[in-house]
Every structure is written in structure tokens, then in C-alpha cells.
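Participant: Pasting the sequence and the predicted model now:
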Amino acid sequence: MIALELIRENPEKIRKRYLSRGKEVDFTELLELDKKRRVLTRQVEDMKAERNKVSAEVPVLKKQGQDVSQVVAQMKKLGDQISEKDKVLSELTEKINYILLCLPNLPDEDLASGGKENNKPIYTFGKKPEFKGFTPKSHIDLCRDLGLIDYERGAKLSGNGAWIYTGDGARLEWALLSFFIDEHVKDGFTFMLLPHMLNYECGLGAGQFPKFEDEVYWIDQKDRNGRFLLPTAETGLVNLYRGEILKESELPKKFAGYTPCYRREAGSYRAEERGMIRGHQFNKVEMVMYTTRDKSDEAFDYLVKKAQSLVEKLGLHYQLVKLAAGDCSDSMCRTYDVELWIPSMGIYKECSSVSNARDYQARRSSMKYRDSKTGKTEFMHTLNGSGLATSRVLPAIVEQFQNADGSVTIPEVLRKYMGGQEKLLPKPKA
RNA sequence: GGAGAGAUGGCUGAGUGGUCGAAAGCGGCGGUCUUGAAAACCGUUGACCUGCAAGGGUCCGGGGGUUCGAACCCCUCUCUCUCCGCCA
């Protein structure tokens, strides 16, 4: 949620910043409602002040033995007027809040405007692997030949967009998760295992609701009392301090959470995204940081570096991409993606998205800290980054590290999690 | 799943219709004392909205109601605890 004052003070400037996202906004209605509300608030508060004053006098008059029936009748009338105006006021407030909740975050001003096409790679690590003397296989074929994934039975159990990690595949996925978590713990992150079913407020606070209510799986009913399966651990981790005020000295806070991510991904299936590139359930370790206002840029760089270092330790070729304003998700001011090279597809695929939401999420769920100097409360800044989406990393590993004999070399850092195993070998044909 | 109890400030906990935004204790902050610290003593100490300010308004788990007036009465939801049952 962005601050209403920003819009009130300079609607034109804010409008232009939204334009860089490709988002046309018109604040006319919002500003009118806001104006109405401010006038009405003033009126209602004056009336309430009157009522409070007179009501306080009633017991005094009674004690003096005076007749209060006339005063009481007057206050009854005033009370009716107040509740009428109060009703209008709460309707206004609800409308204003809804509009505000639907507005995306303001993109940072240094971002390229426009959509995906304006994303800019700003760093590249390693090189595209060359496959001498053999034609490289796709991760789908590799996973099948190596017995890592059972796509057919995954679909049998759950439907399209589901798969089963089997044997070495499960171990490799688990090794990745363990490796990432160990790295985070080493860096002082608190490891978290969250409930996978979250309440509505989590979606609202993270910024996914009300807009994307249809993109998650609902458990009981799809409304404010229902629960949904988290689409990312961020949705939970970013709600930890909802309604709380922390001491400045408690920040920054660093969390790393592992959860499966459940997403409907309605209509997004394409032939090129078979395999584990896009599914209804995938594994991800998510990093979330809470910082003070002045430390969030620093934290952002830190999280980007962290995501990069994980991929680099695995030895994977990737590019770091600075997203254009329009490609950043709605809650975010800025986003950098780490994209892994997938040889069979001839493209880079995101395995980490690091973003700074600044105070957007904190405003939605009122997460504040007390500034040690001023003593005032400020909204925290929240940041998040995948560290990493293992289900995207595994395809890159098998494709980038495949050998002529059909085997795959396991990255060194993962071997200790796999009993020292160095290679994944093709299963003998039955 | 059944029965009961409860939710009050950073914490413990009093308050059951009228100067209660809320006693008391702890904690925090400031001070006195001390070479310094501790102890003791004194003072101070919730959040939000609005306003230049003075002030005003709102908040005692959430929502609704009764009343001139609600932390307190009524309804409802959520959560917590205790006991019983069931169970991976």
C-alpha cells in the first residue's frame, strides 16, 4: 500500500511513476473520496466531542439532583446523527482503502520503464557449456533416463503440472535444499518451516490480494475466512510481525524458509515449459529481510549477492537481470532476477527473484519499528529473494553438467549431501 | 469432536455502566546518591488519526448491538488455556 499523502500531495508525479510500469491510474475519484472523508471526519469528531463533554456532565448534574431528561433527549438525537454520519464515513473509508490496496507499488526511479522487453542483463557468470561430440539432451529426457523424475505417475497422482522426484532425483532436490539452507544459516539467517495454509490477511499483507485471489489454491472457502496454500514462503514470512512494533535494535531480521510453492498457473502452460520449469507445486527456499528505512538498499544488494553466490557455488552459468518497471511484481519497487541457462531451451530461466518492497507490505499489515533517535514509529522495509527455487535449479544442473555418456556430474558442493556420490548414471534399460 | 475458562498497556495483573486511556508491580527512560556500578529514592513512560498549535477524535482480541454514556451489559467471530474423547 502506498501512502495516501503521497498522492494527495503530488498526484501528477505519482501518476507518472505508475506510467513507467505501464499502469494508467486516475486519482480523481480517490482524491474526491479523500476530501469528502476529511470534511466528514471533522464534522463527526466535533459532534462526538460535544457528546463526550455533555455525557460527562450527566452524572454531575444527577448528583446535584437536577433533572437530566432534557439533556439526555438532546444527546439521543445527537447520537442518532452521529451514527448516521459514521456509517457514511466507514463506507468512504472502505472505498478509499480498497482503491489503495489495489494500487501497485511505485517502481524505483532508476528502473527502465516498460515491460519485459526492457529488462537488462547486468552481469554474467560462466559460459554456455559446449557439448563436444554429442547432442545434449533436454532435462526432461535426462531426468527420465537417469530416473530422477517420474512425470507420468506424477500426473497420475495429481494431474497436469505435477511430477514425482524419485531416488537420486529426490536426493538431488533434497541436497539442493539442504545446501541452500546451510548457506543461509551460516550467514545468520533464521531457518523457518512455515504452515502451508495461510489466512486471508497474509495474502493481503504480502500484496497478492485482493488482486490475485484467483491464482492461489483455496482450502475451505474463497473468502476472508478461508485459507489458501501459500504460493511462496514470502507470503508467510512477510507477515510475521503483522500489527507489531519492533525496536529499531531488533532490525535487521533475516529469515530463510523452505516450503513447496503452490500455484494455479492458470493458462500459463506452453509446450516449452514442460518438465519442472513450471508446475503447480515446486520447491523453493526463500529469503526475507526486515530492515529500517535507511538500510533497505544495502539489504537489497546483499540479497542479490547471496542469490548469486549460491548459483556460483554450484558452478552454473547464469545472468543477472535488472527488471524493467513493468516486469516487477506489483508489490515491489525493484527486482533483480538470477536466470539460469537452460541449453535445451536456448534461454535463461529465472531461479531467483530478489526484490525490495520498501514499506509497501509493511503498510498493508502495519509492521513498524521505533526509531531510536526520534522515538517515532516508522514502517519497516521488507525484502525478499529466492535462495533459490530448487525446482528450477535441478533442470539447469542436469542440462549444464551432462556428459557424452549420458551421465551428469554432481556439483561438488552437493556431494556431501548425497553420500559422496559424484555422478548420476543412466538407468539400464529394462 | 465434547465440556469449561479466558483474551486489558513491553510483561504480570486489577478493574463488571459515569473524570478509566485504564490501579499496582515488573521492565524501559531520566535524575539524585556513587570514583564507577549495583541498591535505594524521586520523576517519567501506550498507539493511531487530525491540527501550525491549543485542542479534538479513536483504540482494553475482531465485528455488530443496547445506552445520554461501554474495558465493563447483549450477540457473533477468531484465538488461547484446562479436562475428556479420537487419531497420523
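Facilitator: Alright, I've got the coordinates.
Participant: and residue A:259, what is it in contact with?
Facilitator: Listed by C-beta atoms under 8 Å, 6 or more residues apart in numbering, the contact set of residue A:259 reads A:193-194, A:196, A:230, A:232-233, A:236, A:283-284, A:286. Every residue, glycine included, has its C-beta placed from N, CA and C.
Participant: cutoff 6 Å now
Facilitator: Contacts of residue A:259 were listed using C-beta atoms under 6 Å, 6 or more residues apart in numbering, and they are A:194, A:233.
Participant: Wait, a strand at residue A:369?
Facilitator: Yes: inclusion of residue A:369 in a strand is indicated when DSSP: H, G, I helix; E, B strand; the rest coil is applied.
Participant: Distance-wise, check it relative to RNA strand B.
Facilitator: With distances defined as C-beta to the nearest atom of the strand, to the nearest Å, the gap from residue A:369 to RNA strand B amounts to 10 Å.
Participant: Excluding covalently adjacent residues, which one is nearest to that residue?
Facilitator: residue A:246 (4.5 Å; C-beta to C-beta, 6 or more residues apart in numbering).
Participant: likewise residue A:40?
Facilitator: Skipping the residues right next to it in sequence, residue A:40 comes nearest to residue A:89 by C-beta to C-beta, 6+ apart, at 5.3 Å.
Participant: So for the strand or helix carrying the one you found, what gets flagged as buried?
Facilitator: Applying DSSP states H and E as the criterion places residue A:89 in helix A:69-102. Neighbour-count burial for helix A:69-102, with 16 or more other C-beta atoms under 10 Å as criterion, is recorded at A:75, A:78, A:82, A:85, A:89, A:92, A:95-96, A:99-100.
Participant: So which of the residues you listed would count as near RNA strand B as well?
Facilitator: Residues of the buried residues of helix A:69-102 in contact with RNA strand B (C-beta under 7 Å from any atom of the strand): residue A:75.
Participant: Listing request: residues of the stretch 251-400 of chain A with sub-threshold pLDDT.
Facilitator: Flagging of the stretch 251-400 of chain A using pLDDT under 70 yields the residue ranges A:267-273, A:276.
Participant: Residue of it nearest RNA strand B, please.
Facilitator: With C-beta to the nearest atom of the strand, the shortest gap between the stretch 251-400 of chain A and RNA strand B falls at residue A:377, namely 3.4 Å.
Participant: pretty sure that residue is touching residue A:370, no?
Facilitator: Yes: Residue A:377 is within contact range of residue A:370, at 5.4 Å (criterion: C-beta atoms under 6 Å).
Participant: Can you tell me the closest non-neighbouring residue to the residue of the stretch 251-400 of chain A closest to RNA strand B?
Facilitator: Closest to residue A:377 by C-beta to C-beta, 6+ apart is residue A:368, at 4.3 Å.
Participant: Give the bridge partners for that neighbour, please.
Facilitator: Assessed by DSSP bridges, residue A:368 has beta-bridge partners residue A:245, residue A:379.
Participant: how many neighbours does the residue lying closest to residue A:27 once chain neighbours are set aside have?
Facilitator: Leaving out its chain neighbours, the residue that sits closest to residue A:27 by C-beta to C-beta, 6+ apart is residue A:11, at 4.5 Å. If you count neighbours by other C-beta atoms under 10 Å, residue A:11 ends up with 16.
Participant: sorry, back to before: burial measure for the residue of the stretch 251-400 of chain A closest to RNA strand B, as a count.
Facilitator: Here the neighbour count serves as a burial measure; for residue A:377 (other C-beta under 10 Å) it reads 14.
Participant: check contacts around it.
Facilitator: Contacts of residue A:377 (C-beta under 6 Å, 6+ apart): A:245, A:368, A:370.
Participant: And stretch A:327-347, end to end?
Facilitator: Distance across stretch A:327-347, first residue to last, is 18 Å (C-alpha to C-alpha, to the nearest Å).
Participant: Off-centre distance for it?
Facilitator: Here stretch A:327-347 is found 14 Å from its chain centre; the criterion is C-alpha atoms, centre = their mean, to the nearest Å.
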